[in-house]
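1. Got a predicted model here, sequence first, then my questions.
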Amino acid sequence: MSTPPKPIDLTELRKEIDRIDESMHQLLMERGDIIDRLIEVKKSQESGSAFRPMREAQMMRRLAERHKGILPLDTVESIWRVIIATFTYVQQNFSAHADFSAGDAQMRDSARFHFGFTVPLVPHMGAAGVVAAVSESRGDLGLVPVISSVSAGAWWTALEFDAAPKIIARLPFVERHDHPAALPVFVISRVADDARATEVEVWSVRVSGWSAKAAQTLTTLAEFLAVPDRAFDGAALLVTLPQGQNIHDIAQLLAKAGATVRSMALVGSHATRYTVAADKA
Ligand SMILES: C=C(O[C@@H]1C=C(C(=O)O)C=C[C@H]1O)C(=O)O
């Protein structure tokens, strides 16, 4: 006759938890040692912000793809955002300048979710102030809601100049229905060319002859913001080009709808939006 299985001892399970916690802490400290070595190498190779938007988008996608078990994706995503953002911060200190003009609760949630509490959060009332602060800094980040009100004006035109910072990411990296920090946010900064995510381009386009027909045409082609631009009897647009679309084709289609493109400037780019299925979340 076989002996009945020993009842599982809670003390044993708690010992396991302590062992895992200690290993996780050791691994985080080991991660810090690697970052230390990375800082040494980078010092002689790079200047400006340490933020690498394409790598971060890929890391967040991989994390979401391999995640399973009872720990909610919200939790695992926010833990890794804090790890990555804080290690970026210790490489090269930076502040996050956020536009609170559309209400501060959602923007604060997004900033803290994606950058944690170690990165200083600087509130601004309007996108223009955020862009100015980032422009004057070496490697600070700006956070601006993707959908701004018309009264905010065409804040993105300040990004047209070569030396100006650019849109470098769109948050959240991992989208889903009921994301805890769902507000769509553009991240604005100056980053190394090889760190950029270039999958989705964002253009500042100025048109004359802007009309309901032109707006309707553009709606079918791309996501955009439009602000009336009296100087040109038209509009200043911020156009997010879907991957594979060409801005010149969009200009041609706008012309057919009666709107003349007067200028176009690439004001940034970001990774393809990534959405996880409801059953993953
Ligand atoms: C570590 C680097 O810099 C930053 C920090 C990262 C991290 O802690 O994992 C990832 C990407 C960068 O934003 C890097 O240069 O690879």
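-> On my side now, so go ahead. What you see is a predicted model; the values in this text were computed from it and never measured. Numbering: from 1, shown residues only.
2. From now on I want contacts and neighbour counts done on CA atoms only, so please keep to that.
-> Noted.
3. and the biggest strand by length in the chain, what other elements does it pack with?
-> If you go by DSSP state E, the chain has its longest strand at strand 260-270. Packing contacts for strand 260-270, counted by 3 or more Cα pairs under 8 Å, 6 or more residues apart in numbering; DSSP states H and E, involve strand 166-171, strand 200-208, helix 247-256.
4. give me the residue from the stretch 151-281 of the chain nearest the ligand.
-> residue 195 (8.4 Å; Cα to the nearest ligand atom).
5. measure residue 170 to residue 268 for me?
-> 10 Å (Cα to Cα, to the nearest Å).
6. how many other residues sit next to residue 157?
-> 19 (other Cα atoms under 10 Å).
7. Next up, the contacts around it.
-> residue 204 (Cα atoms under 8 Å, 6 or more residues apart in numbering).
8. which stretches of the stretch 1-150 of the chain have low pLDDT?
-> Scanning the stretch 1-150 of the chain for pLDDT under 70 picks out 1-2, 44-48.
9. how about the strands in it?
-> 96-99, 121-124, 141-145 (DSSP state E, counting those that start in this stretch).
10. Turn these into a markdown table, including mean neighbour count.
-> What follows is the strands of the stretch 1-150 of the chain, written out as a markdown table (neighbours: other Cα atoms under 10 Å):
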| stretch | mean neighbour count |
| --- | --- |
| strand 96-99 | 26 |
| strand 121-124 | 18 |
| strand 141-145 | 28 |
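11. Now do the contacts for residue 185.
-> Neighbours of residue 185 in contact, by Cα under 8 Å, 6+ apart: 110, 143-146, 170-172.
12. For the stretch 1-150 of the chain, what lies in contact range of the ligand?
-> Neighbours of the ligand within the stretch 1-150 of the chain, by Cα under 6 Å from any ligand atom: 50-52, 55-56, 84, 87-88.
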